[in-house]
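Trainee: Build me a structure from this.
(2 chains)
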Amino acid sequence: GIQVEQSPPDLILQEGANSTLRCNFSDSVNNLQWFHQNPWGQLINLFYIPSGTKQNGRLSATTVATERYSLLYISSSQTTDSGVYFCAVSRLTGANSKLTFGKGITLSVRP
Amino acid sequence: NAGVMQNPRHLVRRRGQEARLRCSPVKGHSHVYWYRQLPEEGLKFMVYLQKENIIDESGMPKERFSAEFPKEGPSILRIQQVVRGDSAAYFCASSPGQANTEAFFGQGTRLTVV
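Mentor: Residues are numbered from 1 along each chain as shown, chains lettered A, B, ... in the order given. Okay, the predicted model is just below:
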């Protein structure tokens, strides 16, 4: 199956700093999503980005499908950005697009 | 415009009891996926269902676990004779189908086996 590696595993930032989170995957994919799992355990959809670049407020993401990686950028970080960030990918097999998740990046933003 | 609804949010069961987790997908979505998140781990795929059909159950434990998505009503993940190792967060996701594979997740059910 597809392997998903995220780096760095842990990240500590001062409020206001910028950061880049990376996701590498081992095979071509039809779907790539970034999620934020907040301290209450909820999974929040950030981006659906199988290729290209998208921006949403202080967050943006870029996926270079041909080179099998995606980057999530967080600018002017806030304490509410703390939590675990997951990258997940899938290859469409028939109608089956089950996701394979990376192990996540734990972000702590200090005030 | 309700998202994926899971209930209960928290479930406590004694060893040997049954756990039933429910998931109502986004209105109009016919594809449902169940994932399990063990403590300090990422999410792992369990099963993929369409209405009245199990399409892929390659991630389901061979015993005690079953899932259904009936023609009417929510999808159900059922765990019989729970053991402490079943304690985890169980997430349900739905997607519109083949043309758009973006998955939307529910808030999860946190199962604790005591």
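Trainee: Can you name the helix or strand that residue B:35 falls in?
Mentor: strand B:31-37 (DSSP states H and E).
Trainee: packing partners for that strand?
Mentor: strand B:43-50, strand B:75-79, strand B:88-95 (3 or more CB pairs under 8 Å, 6 or more residues apart in numbering or on different chains; DSSP states H and E). Using the backbone N, CA and C atoms, a C-beta is placed for each residue, glycine as well.
Trainee: State the next helix or strand along the chain beyond whichever strand or helix holds residue A:32.
Mentor: Following DSSP H and E, one finds residue A:32 within strand A:31-37. Later in the chain than strand A:31-37, the nearest helix or strand by DSSP H and E is strand A:43-48.
Trainee: what is the residue minimising distance to the centre of chain B paired to in the beta sheet?
Mentor: Centroid-nearest residue in chain B, with CA atoms, centre = their mean: residue B:34, separated by 3.7 Å. Residue B:34 forms beta bridges with residue B:47, residue B:92, as assigned by DSSP bridges.
Trainee: quick check, distance from the strand holding residue A:32 to the centre of its chain.
Mentor: A distance of 5 Å separates the centroid of the chain from that of strand A:31-37, by CA atoms, centre = their mean, to the nearest Å.
Trainee: any bit of that strand sitting next to chain B?
Mentor: Yes - looking at strand A:31-37 against chain B by CB under 8 Å from any CB of the partner chain, the contacts come from A:31, A:33, A:35.
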